[in-house]
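[1] Let's see this in three dimensions:
(4 chains)
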There are 2 protein chains.
Amino acid sequence: MDIEAALKRCPLFSGLEDREITEIEAISASKRYPKGTSIFSEDQEAKGFFVVISGRVKIYKLSPEGKEQILHIISPGQTFAEAALFDGSTYPAFAESLAETRVLYFPKESFVNLIRKNPQMSLNMIASLSHWLREFVSLVEELSLKDVSARLSQYLMDLSAQSGRSSERGIEFKLDISKSQLASQLGTISETLSRALRKLRDRRIIEVEGKKITILQKDALEEISLGIPL
Amino acid sequence: MDIEAALKRCPLFSGLEDREITEIEAISASKRYPKGTSIFSEDQEAKGFFVVISGRVKIYKLSPEGKEQILHIISPGQTFAEAALFDGSTYPAFAESLAETRVLYFPKESFVNLIRKNPQMSLNMIASLSHWLREFVSLVEELSLKDVSARLSQYLMDLSAQSGRSSERGIEFKLDISKSQLASQLGTISETLSRALRKLRDRRIIEVEGKKITILQKDALEEISLGIPL
DNA sequence: CGCCACATTGAAGGCAGTCAAAGGTGGTGG
DNA sequence: CCACCACCTTTGACTGCCTTCAATGTGGCG
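    Okay, the predicted model is just below:
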């Protein structure tokens, strides 16, 4: 993955001149993290923010007992920890690479200056933060108002819409993370996720083969995702 | 409550000239909602955003079965629905007045123009969104990783820090919303909240008299809020 | 081939939600 | 001023979803 290509398809930098992109690149530092490396920890001082070039990063919280709640998984071209630069002085969660990952790192000071000088970037930042906010509203809604089956169904619907391809049996796609990580993202644990998947399988709504999922009854899955009782 | 006073202590407009404040006021419309009035509904087209002048507004989600999750309660001087203007075209939740409420309403188009022209306001908006984001991270953490007692204790600690006064028995303050609304904000229902309060009372950690709370053992309350088992 | 992390399944227990009923409170109109 | 009513709050009994604990299965990789 090329650095400039990643920057250009990053919403935060869209609508900028090549000249400006070059300027932006100039204040950044490239960093590399092997799989499973901590990028920053909760409450650590927020000295900069990140753009993922390749690999993937999970942003998560931990309970005192060690249960993990994934807030978001960041893919190439996406940014993270922007908000930490503008409110408070620490990162609000943990960040860890899920695979070998390359990022661009932007030190707080120079990036804030850049934004001050560049109205277009301000607007992009507002759009980006607004989008994050909407995602968090969804997450809160799901955690508070829906059961695990509904959350799982929603996730499967979303993933199928974005990476599914129809086969003769239904819509087919692969989970892009391990099932225990998926459990963390859905606010539950792997045992419960396993049982929820099995229930959907037993009712012939989906098929599961390792990471491969086939949606057999899209309508039924959607109903469950909306929280309509079984 | 005076309109100009409310605008001036609104973080979104801080650092602006009086001239600019006047300009801002010019594009807004004043609206009044009796207690319990819907201001907008989920999925309704987002045509503007709001500043609360007086009264209070709850932003909330509803489950299909009618359970309510309050996302935030907005007090005078605070804004809401800004993010809806910059991502997607609909409001992501419901808004309803908790008391007789006056707001300033800013139509989307003219407000977006204002922001485009005013870099300081862009920065304020970024700060404001970043702050919201941090609050939502906390909410997700609490809902997913903490039990009702911990969430309640956290809430009481926060409220006591902001409006408590020490008496001879402990730190005293009043709940600023009804207990059923508090339950909704904590992601539970009034029966469960009632039992959680009773448990704290039985253990002589707090005293409860209607809306009046006295914290007798701050240390114990803090431990519970951190999720340390009883 | 054997290890190790991931995944699945079963049994048991707990926290919180549901249902139902009784007590309390504030506001309104007679 | 008081009585009534609507709404909020509390309590009890019960249910159920999810977690915990424990054990077994499985697949990829050195």
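
[2] burial of the residue lying closest to residue A:75 once chain neighbours are set aside, as a residue count?
    In space, not counting the residues next to it along the chain, residue A:75 is nearest to residue A:56; the distance is 5.8 Å by C-beta to C-beta, 6 or more residues apart in numbering or on different chains. For the C-beta atoms, the positions are set from N, CA and C on the backbone; glycine is no exception. By the criterion of other C-beta atoms under 10 Å in any protein chain shown, residue A:56 has 19 neighbours.

[3] Name all residues that make contact with residue A:56.
    Residues in contact with residue A:56 (C-beta atoms under 8 Å, 6 or more residues apart in numbering or on different chains) are A:73-76, A:97-99, A:101.

[4] Next one: residue A:24 relative to DNA strand C, how far apart?
    Shown here: residue A:24 relative to DNA strand C, a distance of 35 Å by C-beta to the nearest atom of the strand, to the nearest Å.

[5] now the biggest helix by length in chain A and helix B:119-145, what's the angle there?
    Assignment by DSSP state H gives helix A:119-145 as the longest helix of chain A. Relative orientation of helix A:119-145 versus helix B:119-145 (axes from the mean of the first three to the mean of the last three C-alpha atoms, to 10 degrees): 20 degrees.

[6] Can you name every helix or strand that helix A:119-145 contacts?
    Helix A:119-145 is packed against strand A:68-74, helix A:108-117, helix A:148-163, strand B:57-62, strand B:68-74, helix B:108-117, helix B:119-145, with contacts defined by 3 or more C-beta pairs under 8 Å, 6 or more residues apart in numbering or on different chains; DSSP states H and E.

[7] Looking at these, spot the one closest to residue B:39.
    Ranking the helices and strands packed on helix A:119-145 by proximity to residue B:39 (C-beta to C-beta) places strand B:57-62 first, at 6.4 Å.

[8] how about the closest one: buried residues?
    Across strand B:57-62, burial judged by 16 or more other C-beta atoms under 10 Å in any protein chain shown covers B:57-61.

[9] just those now: which is nearest chain A?
    For those, the closest approach to chain A (C-beta to the nearest C-beta) belongs to residue B:61, at 4.6 Å.

[10] circling back: distance check, the residue nearest to residue A:75 against DNA strand D.
    Residue A:56 is 16 Å from DNA strand D, by C-beta to the nearest atom of the strand.

[11] now do residue A:51
    For residue A:51, the distance to DNA strand D (C-beta to the nearest atom of the strand) stands at 28 Å.

[12] burial measure for that residue, as a count.
    When neighbours are counted by other C-beta under 10 Å, residue A:51 registers 24.

[13] With residue A:42 instead?
    For residue A:42, using other C-beta under 10 Å, the count is 15.

[14] phi, psi of it?
    Main-chain torsions, residue A:42, degrees, to the nearest 10: phi -50, psi 140.

[15] need the contact list for it.
    Shown in contact with residue A:42 (C-beta under 8 Å, 6+ apart): A:61-62, A:90-94.

[16] do residue A:152 as well
    Residue A:152 touches A:186, A:193, A:196-197, A:200, counting by C-beta under 8 Å, 6+ apart.

[17] Now do the residue nearest the centre of chain A against residue A:108, distance only.
    Nearest to the geometric centre of chain A sits residue A:73, at 2.7 Å (C-alpha atoms, centre = their mean). Look at residue A:73 and residue A:108: by C-beta to C-beta, to the nearest Å, they are 24 Å apart.

[18] touching DNA strand C at all, the longest helix of chain A?
    No - using C-beta under 7 Å from any atom of the strand, helix A:119-145 never reaches DNA strand C; the gap is at least 7.9 Å.

[19] that older thread, got the contacts of residue A:42 as TSV, with secondary structure and pLDDT columns?
    Shown next, in TSV, are these (DSSP: H, G, I helix; E, B strand; the rest coil; pLDDT from 0 to 100):
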residue	secondary structure	pLDDT
A:61	strand	97
A:62	strand	96
A:90	strand	97
A:91	coil	98
A:92	coil	97
A:93	coil	97
A:94	strand	97
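
[20] Pull out the buried residues from those residues.
    By 16+ other C-beta under 10 Å, those give A:61, A:91-94 as buried.

[21] circling back to that earlier point, could you dump the buried residues of strand B:57-62 into TSV with distance to residue A:154 added?
    Shown next, in TSV, are the buried residues of strand B:57-62 (distance: C-beta to C-beta, whole Å):
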residue	distance to residue A:154
B:57	28
B:58	25
B:59	21
B:60	20
B:61	14
